[in-house]
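**Q** sequence plus predicted model, see below.
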Amino acid sequence: MNTKTLMKLGILLLAVSMLMSMGALAQVRYLNSTDGDDSYTGENPSNSPAGTGPKRTLEGAFAAFPAATTVHMAAGVYNFDQSGIGGGNDADGYTFSATKSMSFVVETYNLNNVVTLNGGPMLVNIGSANSISFSSASPGVQTVSFAPGAAANFTLQSGSLNISGVGTNGAGFTVGANVGTGGGQIIRTDGSLVGVPTFAASGVQTVVYNGANSKSAGGELPSSPFAVVLSQTAGTSVTFPNALTFGTTGGGLSATTATGAIFNALVTLTTATSAPTASVVNSVAATWTFNGGISVVSRVSGQLPVRNSGTGTLAVLGPLTLAQALAAPTADANHLSIVDNVGGGTLTIAGGLSQVATAFGGSLRRP
């Protein structure tokens, strides 16, 4: 065999090897909660040949299928326990903990267009370089509903969950009213959510930011949460690019560690009539900067909804506005009408003070 023949043979073998590798990296599998079974291999949309049909559980599919698989996911309710046959258990939630990426394409099945995930909490912990994505086979048609029947956590620990292909930038992915409420939390550690879901309820979610890295808030944070809690490694920060409204008594912004915060749009504190507003309380040695200002829409007499009670800095660089009030505010050496600075830290009011449409006489004043 001459040199040219050997070279051609080598090139051919290399090409075959590359094609095989590409095939291994881009496999297609099937998932069907109605007619599937986790004892099947998932290689075919129906069980023919026998044993090659679709998987039944989301957990089972993610665990069994190789990295980079595209999974055709039939619409249906995914809340079955197949752990008894070595499969997944969607009945107690959805845990993605292997370090790999996978894509789930939601398809209509038996005239149903909705994938319902109502088994319990969700954890995404797949490694920083990996991603799980959900998308609709036909844009605007198939949707996903993550709606546990009881209070549940939604945890983004590592890697990304990409829902931008479900509806317009994730709007077809609905987060149910029990997610992040009633003791449950939306927890973002070092993972991320790509796309903006539709939240089924407003003003009820507690969103916790922890982990060792600074980050920018994304789709995990509804525009009107109940509370945001900063619990990251001291010295890190969270940037909030969008306007936020805290509208429930007892809610608002707080911290358990010296986590910095940068708010680039307006933060509004409000509540129902005759009830204390939500509040902003910086009790830690960190700097919180409100570039978009703070608006207090309503409150009761004597409440100070903006408090710098730690040794850190609270800087309101945008307007500080009292838009409504139900009774006259208090004022002494340490108080503005709506601001309290008593922890030895630094209070900066650089965007001006104003009072609009109050129910009492007098003006907003700074001692």
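**A** That came through fine. Everything numeric here is computed off the predicted structure, so don't read it as measured data. Residues are numbered from 1 along each chain as shown.

**Q** how does the chain divide up, domain by domain?
**A** Domain assignment for the chain, taken from automatic domain parsing, gives 15-201, 202-367.

**Q** how distant is the shortest one from the center of its chain?
**A** Spelled out, it's domain 202-367. Computed by CA atoms, centre = their mean, to the nearest Å, the chain-centroid distance of domain 202-367 equals 21 Å.

**Q** what do you get for stretch 74-84?
**A** With CA atoms, centre = their mean, you get 24 Å for stretch 74-84.

**Q** ranking the domains of the chain by mean pLDDT, which is last?
**A** The weakest mean pLDDT among the domains of the chain belongs to domain 202-367, with a mean of 84.

**Q** how many residues are close by A137?
**A** 15 (other CB atoms under 10 Å). C-betas here are computed from N, CA, C, even on glycine.

**Q** now do the contacts for it.
**A** H72, V105, V106, E107, T108 (CB atoms under 8 Å, 6 or more residues apart in numbering).

**Q** nearest residue to the middle of this structure?
**A** Nearest to the geometric centre of the chain sits E220, at 2.0 Å (CA atoms, centre = their mean).

**Q** can you tell me the closest non-neighbouring residue to that residue?
**A** Excluding its sequence neighbours, the residue lying closest to E220 (CB to CB, 6 or more residues apart in numbering) is L193, at 4.6 Å.

**Q** hang on, the one you found packs against I163?
**A** Yes: between L193 and I163 a contact is recorded at 7.0 Å, counting by CB atoms under 8 Å.

**Q** so what sits against both of these two?
**A** Joint contacts of L193 and I163 (CB under 8 Å, 6+ apart) are G219.

**Q** show me what the top strand by length along the chain is packed up against.
**A** Across the chain, the strand with the greatest residue count (assigned by DSSP state E) is strand 154-165. Here strand 154-165 touches strand 122-125, strand 131-136, strand 186-194, going by 3 or more CB pairs under 8 Å, 6 or more residues apart in numbering; DSSP states H and E.

**Q** can you list these in TSV and add mean neighbour count and distance to V238?
**A** What follows is those, written out as TSV (neighbours: other CB atoms under 10 Å; distance: least, CB to CB, whole Å):
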stretch	mean neighbour count	distance to V238
strand 122-125	20	19
strand 131-136	21	22
strand 186-194	22	9
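
**Q** can I get the ones you listed in CSV including distance to S254?
**A** Putting the helices and strands packed on strand 154-165 into CSV (distance: least, CB to CB, whole Å) gives the following:
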stretch, distance to S254
strand 122-125, 24
strand 131-136, 31
strand 186-194, 15
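
**Q** appreciated, that's everything.
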